[in-house]
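Colleague: Show me the folded form of this:
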Amino acid sequence: MKEEFLSLLKNDNNDIFTDNIDADFVLVMGIMPSKDEALSSALQKVKNIVYLSVVEDSDITNIVKIQSRYEAGSEEGVLAILAKELLSNQEINQGAKHFFENLDDGYISAECNVGEEELEEINELYKKSKNPLMVLGYDFYNHPRKKNIAKIIDLFVEYGNFKIYIENFDTKIKTDNNYTLEDVAELDSFDGSVVYAYPTSNQDDQELLIGSPQFKMAAKIKDKDDIYVITENSEYQRKFILDRELKGTVALLPSAVGDESYFYKIAKIIKREN
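Modeller: Residues are numbered from 1 along each chain as shown. Next comes the predicted model:
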């Protein structure tokens, strides 16, 4: 999945990629850094980190300058309004100008839950940087709008001087770029219980569903309940673990192997009878 997504990015000789976090501004999206030991360690040396995600990562609060949650499925919209803010003073081509002119900033901001003040704060950090970097995690690899997301990321690279961090990057990526930038799609609804089926090799974690007090109340379950987690494509037997550090109503569903669908899923939670 990763190679397929990377092939969607416009690049020559793979010079936009790096496996070295030697940057003065790092934008992290699509991954919880604390779940990746190498990434978490490398980020310790960075002065200005912006972390945008559906799920807050409380374990990196001490090293990030800005941490903000957006709605599940809204990565395309978040990247679009962020690109418009960060690239507002750059000379861009007509296609990019048309794309930004057609953005309904107010609607997208409200739907994504990323406000104008947050965008301005991020831009203030970015404007001071000389070598900005984007860390793009696995949430993007099988996103239903990944092709257009890749085209938006191209704008950051072409006009914003960003490089793309890829851990242990040693593969030549062949570009598959036969498409054009489209308008941002309407945001899909994620009403109900939502789980984040992020990939992990930790077998103990694969027995759990980890959620906040808000998720526990919404799902009507208790700490250490044995439960079924039923999504559109799969069914899991898990034990619910309450994590009071988590915020929001998205629970963590550590999984051995992700399927080909987006990692955030609407789920039905049923208590198992012993």
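
Colleague: Show me where the stretch 51-200 of the chain has its helices.
Modeller: With DSSP state H, counting those that start in this stretch as the criterion, the stretch 51-200 of the chain has helices at 75-86, 94-101, 105-112, 116-127, 146-160.

Colleague: low pLDDT regions in the protein?
Modeller: 13, 168-172, 176-178, 257-260, 274 (pLDDT under 70).

Colleague: before we move on, back to that, which stretch among the helices of the stretch 51-200 of the chain is buried most, on average?
Modeller: Ranked by mean neighbour count under mean count of other Cβ atoms under 10 Å, these are led by helix 75-86, which reaches a mean of 23. No exception for glycine: its C-beta is placed from N, CA and C like everyone else's.

Colleague: starting at the chain centroid, how far to it?
Modeller: Helix 75-86 sits 13 Å away from the centroid of its parent chain (Cα atoms, centre = their mean, to the nearest Å).

Colleague: Next: stretch 262-274.
Modeller: Centre to centre, stretch against its chain (Cα atoms, centre = their mean), the figure for stretch 262-274 is 22 Å.

Colleague: contact partners of that stretch?
Modeller: Residues outside stretch 262-274 that contact it (Cβ atoms under 8 Å, 6 or more residues apart in numbering): 54, 72-73, 138-139, 142-144, 190-199, 209, 219-221, 225-233, 237, 240, 250, 253.

Colleague: count of neighbours near Lys65?
Modeller: Using other Cβ atoms under 10 Å, Lys65 has 16 neighbouring residues.

Colleague: so what's it closest to, chain neighbours aside?
Modeller: Closest residue to Lys65 apart from its sequence neighbours, by Cβ to Cβ, 6 or more residues apart in numbering: Asn48 at 5.3 Å.

Colleague: Then Asn123?
Modeller: Counting by Cβ to Cβ, 6+ apart, the nearest residue to Asn123 once its immediate chain neighbours are dropped is Glu85, at 5.1 Å.

Colleague: got it, and Arg244?
Modeller: Arg244's closest residue in space is Pro213 (Cβ to Cβ, 6+ apart), at 6.2 Å.

Colleague: I'd say the one you found and Glu245 touch.
Modeller: No - when contacts are counted by Cβ atoms under 8 Å, Pro213 is not listed as touching Glu245 (10.2 Å).

Colleague: center of the chain - which residue?
Modeller: In the chain, the residue lying closest to the centroid (Cα atoms, centre = their mean) is Gly30, at 2.1 Å.

Colleague: circling back to that earlier point, what distance do you get for the residue nearest to Arg244 to Asp223?
Modeller: Pro213 is 10 Å from Asp223, where distance means Cβ to Cβ, to the nearest Å.

Colleague: Can you pull the residues that touch both of the two?
Modeller: Going by Cβ under 8 Å, 6+ apart, residues that sit against Pro213 and also against Asp223 are Leu242.

Colleague: So this structure: which segments form each domain?
Modeller: For the chain, automatic domain parsing gives the domain ranges 2-165, 193-271.

Colleague: quick one: the residue nearest to Asn123 and Lys216, what's the gap?
Modeller: 36 Å.

Colleague: Report the contact partners of the residue lying closest to Ala251 once chain neighbours are set aside.
Modeller: Among residues not flanking Ala251 along the chain, Gly211 sits closest, at 3.5 Å (Cβ to Cβ, 6+ apart). Going by Cβ under 8 Å, 6+ apart, Gly211 touches 219, 240-243, 246, 251-252.
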